[in-house]
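**Q** structure for this input, please:
(one chain, ligands or ions: 1)
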Amino acid sequence: MANTSELAKHNAALAALPYIRPGMTVGLGTGSTANIFVDLLAARERREHLGLKCIATSENSEKQAARAGLRLVSFADAPMIDVVVDGADIVSADFCLLKGLGGALLREKCVAYRSKKFIVLVGEEKLRRKLEGIVPIEVLPFAAPAVLREISKLSKRAKLRTAAAGRPFITDNGNYIIDAPMRVSNPAKLEAELKYLPGVLETGIFTRADIVLVGNKTGCRTLKNKKQARPLLLTCSCLAKQLDCF
Ligand code: A5P
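**A** From the prediction side, this is the model:
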């Protein structure tokens, strides 16, 4: 018999399936909840032949999706991502997230921020009024000591993530991660300020989520963000018009 947390993950993943329609390009998240969604999606693809294209956010999710028979594409074949389904570590009341405890934050953000709809799967225990917790920050190994010194001014307990035998944890992109416990009062501002430090490649602060599916042991409730974020491609086209580019 599955425990409550597993049931909650399963129910959230199940609730994401109706958002997937034939021919869509689907971003596949990383982590234990996203894994459940990938298996459910693959089973539906086998049953219904939806002709989905999938873009993975980590080597793990790519391997899992390939094993399950989903068709994988890269950004070269996916000019627009219809929907991304991923987990999160913390979700605040204003639909901001902390992600990256699994170490895949950089590719996760590359995919999520380029999607038309970003769906997040969590259990009740991850909901908070304000964003607070470990902020993972992916950094270039060359600059890691400098970035750690700088980030330590914001978070005294910031430290380099380690793996086996105390060696630095290495991401799929060959980088390090600094884990910085913080209370984030202004997520958008902190996201931008951290990105301003040379050597910081990405932060686990996500300032967009369109739908949060909150699983529990008997079902799932849906939180909808009324503020619709625009995919980056549209934002860039508007910017180009304003700046009179091209
Ligand atoms: C991976 O880098 C993370 O962002 C995960 O999406 C997040 O840690 C949630 O993972 P679980 O679904 O395993 O809790």
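
**Q** CA only for contacts and neighbour counts going forward, please
**A** Fine.

**Q** tell me the secondary structure for Phe118?
**A** For Phe118, the assignment made with DSSP: H, G, I helix; E, B strand; the rest coil gives strand.

**Q** so what's it bridging to?
**A** Counting by DSSP bridges, Phe118 forms beta bridges with Val84.

**Q** what about it, neighbour count?
**A** When counting by other Cα atoms under 10 Å, one arrives at 24 neighbours for Phe118.

**Q** ok, it to the ligand distance?
**A** Noted for Phe118: a distance of 12 Å to the ligand, by Cα to the nearest ligand atom, to the nearest Å.

**Q** do the same with Ala104
**A** Look at Ala104 and the ligand: by Cα to the nearest ligand atom, they are 4 Å apart.

**Q** so what does that residue look like in phi/psi?
**A** phi -110, psi 20 (degrees, to the nearest 10).

**Q** for the closest residue to it other than its chain neighbours, the count of nearby residues, please.
**A** Spatial nearest neighbour of Ala104, chain neighbours left out: Ser58 (6.0 Å); criterion: Cα to Cα, 6 or more residues apart in numbering. Using other Cα under 10 Å, Ser58 is surrounded by 23 other residues.

**Q** do Ile177 as well
**A** For Ile177, the neighbour count with other Cα under 10 Å is 31.

**Q** who does it form a beta bridge with?
**A** Bridge pairing for Ile177 - DSSP bridges - gives Glu138.

**Q** I figured it hits Pro136, correct?
**A** Yes - Ile177 is within contact range of Pro136, at 6.3 Å (criterion: Cα atoms under 8 Å).

**Q** list residues touching both of these two?
**A** Taking Cα atoms under 8 Å, 6 or more residues apart in numbering as the criterion, Ile177 and Pro136 both touch Gly103.

**Q** which helices and strands sit right next to whichever strand or helix holds Val214?
**A** Secondary structure assignment for Val214, by DSSP states H and E: strand 211-215. Judged by 3 or more Cα pairs under 8 Å, 6 or more residues apart in numbering; DSSP states H and E, strand 211-215 is in contact with helix 4-16, strand 115-123, strand 220-224.

**Q** can that strand be said to contact the ligand?
**A** No - using Cα under 6 Å from any ligand atom, strand 211-215 never reaches the ligand; the gap is at least 11.5 Å.

**Q** can you list contacts of that strand?
**A** If you take Cα under 8 Å, 6+ apart as the criterion, strand 211-215 is touched by 7-12, 15-16, 95, 117-124, 220-225.

**Q** for this structure, what spans make up the helices?
**A** Assigned by DSSP state H, the helices in the chain fall at 4-16, 32-48, 59-67, 105-112, 144-152, 187-196, 232-243.

**Q** returning to what we had before: from the helices and strands packed on strand 211-215, which stretch is densest packed?
**A** Burial of the helices and strands packed on strand 211-215 is given as mean neighbour count (mean count of other Cα atoms under 10 Å); strand 115-123 ranks first at a mean of 26.

**Q** where does Gln228 land on pLDDT?
**A** Note on Gln228: pLDDT of 73.

**Q** and it, what does it touch?
**A** With contact set as Cα under 8 Å, 6+ apart, Gln228 has these partners: Asp210.

**Q** distance check, it against Ile36.
**A** Using Cα to Cα, to the nearest Å, Gln228 is found at 26 Å from Ile36.

**Q** with Asn3 instead?
**A** Asn3 is 14 Å from Ile36, where distance means Cα to Cα.

**Q** do the same with Asp210
**A** 20 Å.

**Q** try Ala164
**A** As judged by Cα to Cα, Ala164 and Ile36 stand 26 Å apart.

**Q** the two: which is more packed in?
**A** Remark: of Ala164 and Ile36, Ile36 carries more neighbours, 18 against 7, as counted by other Cα under 10 Å.

**Q** do I have it right that that one meets Ala13?
**A** Yes - assessed by Cα under 8 Å, Ile36 is found in contact with Ala13 at 6.4 Å.
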